[in-house]
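Q: predicted model and sequence follow; I will ask about them next.
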Amino acid sequence: MQTLTKFIEKPATDQLLYLETTFWLGVSRLAILILPFRWIAPFLGQHMASSDENDKDGDRKTEVSVSRAILTMSRHLPWESKCLVQAISGKMMLRRRQIPSTLYLGVAKKEDGDLNAHAWIRCGDRILTGARGHRQFTVVASFGDRS
């Protein structure tokens, strides 16, 4: 109940952003559960391409708002929204705002020999989702937008 009260007290623009985030997290989660990744990949951008890393003139306020909304809502929703769900959602939200970004997929070998996977999004020189530990992963695919 306290969470709902906090939501109602937010400005309308924040409420709309949280609702949009909920929509994209749900669509992304459902897509991952029911579709082969090869069907999802074309919607993520150009394969093995990346957006400009030197773009420091991006809409930082919007980028941060999208990032915070994704992190906040992924903690409060009844379904699991891990890194890939968050990255796909962020990619769609940024694209709707015409902000170029790159979604990365990476793997790392665990001590027991198994592979660990991770996904994250970069806008310019900033990591918006999946920043924690992303450097320990070897990039195996990227999906970029052109400026």
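A: It's in. Numbering: from 1, shown residues only.
Q: can you give me the end-to-end distance of stretch 6-16?
A: The first and final residues of stretch 6-16 sit 14 Å from each other (Cα to Cα, to the nearest Å).
Q: could I get the phi/psi values of Arg135?
A: Dihedral pair for Arg135: phi -70, psi -20, per degrees, to the nearest 10.
Q: any figure for the gap between it and Leu44?
A: With distances taken as Cβ to Cβ, to the nearest Å, Arg135 is found 21 Å from Leu44. Any C-beta I mention is one placed from the backbone N, CA and C, and that applies to glycine too.
Q: do the same with Lys6
A: Noted for Lys6: a distance of 32 Å to Leu44, by Cβ to Cβ.
Q: show me which of the two is the more surrounded one.
A: Legend: neighbour count by other Cβ atoms under 10 Å for Lys6 and Leu44, higher for Leu44 (23 against 9).
Q: skip the chain neighbours and tell me the closest residue to that one.
A: Nearest residue to Leu44 in three dimensions, chain neighbours excluded: Phe143, at 3.7 Å (Cβ to Cβ, 6 or more residues apart in numbering).
Q: looking at strand pairing, list the partners for the one you found.
A: Beta-bridge partners for Phe143, by DSSP bridges, are His47, Leu103.
Q: residues contacting it?
A: By Cβ atoms under 8 Å, 6 or more residues apart in numbering, the contact set of Phe143 is Ala41, Leu44, Gly45, Gln46, His47, Ala49, Lys91, Thr102, Leu103.
Q: and those, which are buried?
A: Buried members of the contacts of Phe143, counted by 16 or more other Cβ atoms under 10 Å: Leu44, Gly45, Lys91, Thr102, Leu103.
Q: name the residues that touch the host helix or strand of Ser67?
A: Assessed by DSSP states H and E, Ser67 sits inside helix 60-76. For helix 60-76, the surrounding residues in contact (Cβ under 8 Å, 6+ apart) are 3, 17-18, 20-22, 25, 81-82, 85-86, 89-90, 93-94, 97, 99, 123, 126, 128-129.
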